[in-house]
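K.L.:
My questions concern the predicted model and sequence given below.
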Amino acid sequence: MIPFGDQKPLIYFAIIVVGFFSLSLAISFHIYDLSDLYELRWLKASKHDKILNINAGFDEILPLLELKVKDSNITSCDFYNEERHNEISIKRARKAFPLSENSIQVNTDQLPFPKTEFDVIILFLSAHEIRNESERINFFIELSRVLKPDGKVYVTEHLRDGYNFLAYNIGFFHFHSRATWLNCFKHADLQILDELKSTPFVTKFILSKV
């Protein structure tokens, strides 16, 4: 048996691990269950707008969109590619919550829509799944191409920052930094009209063409 004095480092380590895990669960509950994240208050869509909703294998807001903008024309797409975007969590979510039968499978390199087709483009907790920088920039260039001159792009994301480190520990490396997003938007000739927070852990970028 290990003497109690020698067990202290292990006990302290266990307490720290349990503390981080409990904190992460509490923050996640606050973000996804108690905050206004899913109320979509940030969305400004007019009657009969053409909306492009793009997800990465798991669409969690389409039913909410259909309720909020009933008179709009919503096109829902999925850019998930098993070879490029190989997160295990996406595969599990995809099996548990199948996409709408009307969802269109798209390629991040070339969206199957004409220029200036959409008034509103929504990426809700999905664009960070594009890990490759060149692919991500090219994808946003495509978004800019299909966006109307006066249209808006709504990008909702966790950032790789101190708040999300507190929430997810090393899991925050799965997200991109604010500087990375700004560089992506710049290359796609998109500018930030507004930057909103839904709790300190989730950021919404509202973009337009330059």
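P.N.:
Looks like it came in fine. Numbering: from 1, shown residues only.

K.L.:
can we go C-alpha only for contacts and neighbour counts from here?
P.N.:
Will do.

K.L.:
Surely Ile51 touches Ser72?
P.N.:
Yes: using CA atoms under 8 Å, Ile51 is in contact with Ser72, at 7.0 Å.

K.L.:
and those two? which has more neighbours close in?
P.N.:
Ile51 (24 against 16; other CA atoms under 10 Å).

K.L.:
Quick check: which helices or strands does the helix or strand where Leu143 lies pack against?
P.N.:
Using DSSP states H and E, Leu143 maps to helix 133-146. Packing partners of helix 133-146 (3 or more CA pairs under 8 Å, 6 or more residues apart in numbering; DSSP states H and E): helix 178-187.

K.L.:
If I take the helix or strand that comes right after the helix it packs on and helix 178-187, what angle do their directions form?
P.N.:
Using DSSP H and E, the helix or strand that directly follows helix 178-187 along the chain is strand 190-197. Relative orientation of strand 190-197 with respect to helix 178-187: 150 degrees, computed using axes from the mean of the first three to the mean of the last three CA atoms, to 10 degrees.

K.L.:
Okay, now the sheet partners of strand 190-197, with direction.
P.N.:
strand 203-209 (antiparallel) (DSSP bridges).

K.L.:
now the strands: where do they sit in this structure?
P.N.:
Ranges of strands in the chain, per DSSP state E, are 50-55, 73-78, 104-105, 118-124, 147-157, 190-197, 203-209.
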